[in-house]
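Visitor: sequence below, structure please.
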Amino acid sequence: MAHVTPDGHPERIDRIRAVHDVLRSLHFKNIVHREAPLGREEDIIRAHTEEHYQHILASAPEHGFEYLDSDTIMSEGSLAAALRAVGGANAAVDAVFKGEAQNAFLAMRPPGHHAEHNRAMGFCMFNQAAIAALYARHKYDAERVAVIDFDVHHGNGTQDIFWSDADLFYGSTHQMPLYPGSGAASETGVGNIFNAPLKAGDGGPAFKEAMKNKILTNLNAFEPDLIIISAGFDAHIRDPLGSLELVEEDFAWITLQLMEIAQTHCEGRIVSVLEGGYDLQGLAGGVGIHLQALMHGSAVMGSEEQDDEEDEEQ
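Guide: Numbers count the residues shown, from 1 in each chain. Down below sits the predicted model:
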């Protein structure tokens, strides 16, 4: 809440308020809430350079705003928020590897998937997904870690950090052309990067086809020891920063697909970290169905259909 951005900035405090409102629903009365600890330098610099880490620390203002670039902004509370996002992602990794949970969701801001090895950009300071992947490998000997990203924007930062490591898998659907300009299907790293770009106006059918044909098949063959989801909900039809037309059912579908692969290869271990989502209603709906899927598996699809039928009757 203390990561303040200027008036009119899309990555705003109201986003996390909308998520908190969802979590107050009776649907989530049995969810276990944990406070995210502060991330540690030693974990951050596995994914980022020491220079980048020190630059973020030095840029944190005592008051007012500090612009890391034209749209990546720090206020007095931003550093603590960014460090807790890192610490929360790693704590979620601890939880799934210690058997305290099969999966975990990190409700965080700022997002992270645009932060490159040595560069903050796109609202992002540290790359929580990449940091968590390398933390899992360091602490739990997870040989193969995958990040699956369904944000409307390509996760150039995760791709940059994973580019040369065949034991790290990055798969992304995203609108193209769109910020940040990367994510072509021809960008493949060392055979570990799988980009499936979509065009403006694409909805659920195109999204599912891209996921099935390009990403899920290769993910299954990769046999991950952990799946991390970069869960961006700005591919929702309502979102102002993109032009894809996904709806809640599409987010439920991909969550269930990833759960099935996780069950096959890594005892169900999934860590999901919040990325984009800038229409509050679309964000709330996306997070809600994503969490219900993580909690209840395939049963959530039947319950959603029943809810829809009841709404029609009313």
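
Visitor: would you list every one of the helices in the stretch 51-200 of the chain?
Guide: 78-97, 128-140, 156-162 (DSSP state H, counting those that start in this stretch).

Visitor: redo the ones you listed as JSON lines? Include distance to V247.
Guide: (C-beta placed from N, C-alpha, C; glycine too.) Below are the helices of the stretch 51-200 of the chain laid out as JSON lines (distance: least, Cβ to Cβ, whole Å):
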{"stretch": "helix 78-97", "distance to V247": "27"}
{"stretch": "helix 128-140", "distance to V247": "24"}
{"stretch": "helix 156-162", "distance to V247": "25"}
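
Visitor: looking at the ones you listed, which is nearest to E249?
Guide: The minimum distance between E249 and those falls on helix 128-140, with 24.1 Å, by Cβ to Cβ.

Visitor: report the buried residues of that closest one.
Guide: For helix 128-140, the neighbour count (16 or more other Cβ atoms under 10 Å) marks Q128, A129, A130, I131, A132, A133, L134, Y135, A136, R137, Y140 as buried.

Visitor: relative to helix 78-97, how tilted is that helix?
Guide: If you take axes from the mean of the first three to the mean of the last three Cα atoms, to 10 degrees, helix 128-140 sits at 50 degrees to helix 78-97.

Visitor: elements contacting helix 128-140?
Guide: When contacts are defined as 3 or more Cβ pairs under 8 Å, 6 or more residues apart in numbering; DSSP states H and E, helix 128-140 packs onto helix 41-44, helix 78-97, strand 145-149, helix 156-162, strand 226-231, strand 270-274.

Visitor: and the third one, what does it pack onto?
Guide: Here strand 145-149 is seen to pack against helix 128-140, helix 156-162, strand 168-175, helix 217-222, strand 226-231 when contacts are counted using 3+ Cβ pairs under 8 Å, 6+ apart.

Visitor: find the centremost residue of the chain, please.
Guide: S230 (2.1 Å; Cα atoms, centre = their mean).

Visitor: for that one, list the residues it contacts.
Guide: 112-113, 129, 147-151, 155, 158, 172, 273, 275 (Cβ atoms under 8 Å, 6 or more residues apart in numbering).
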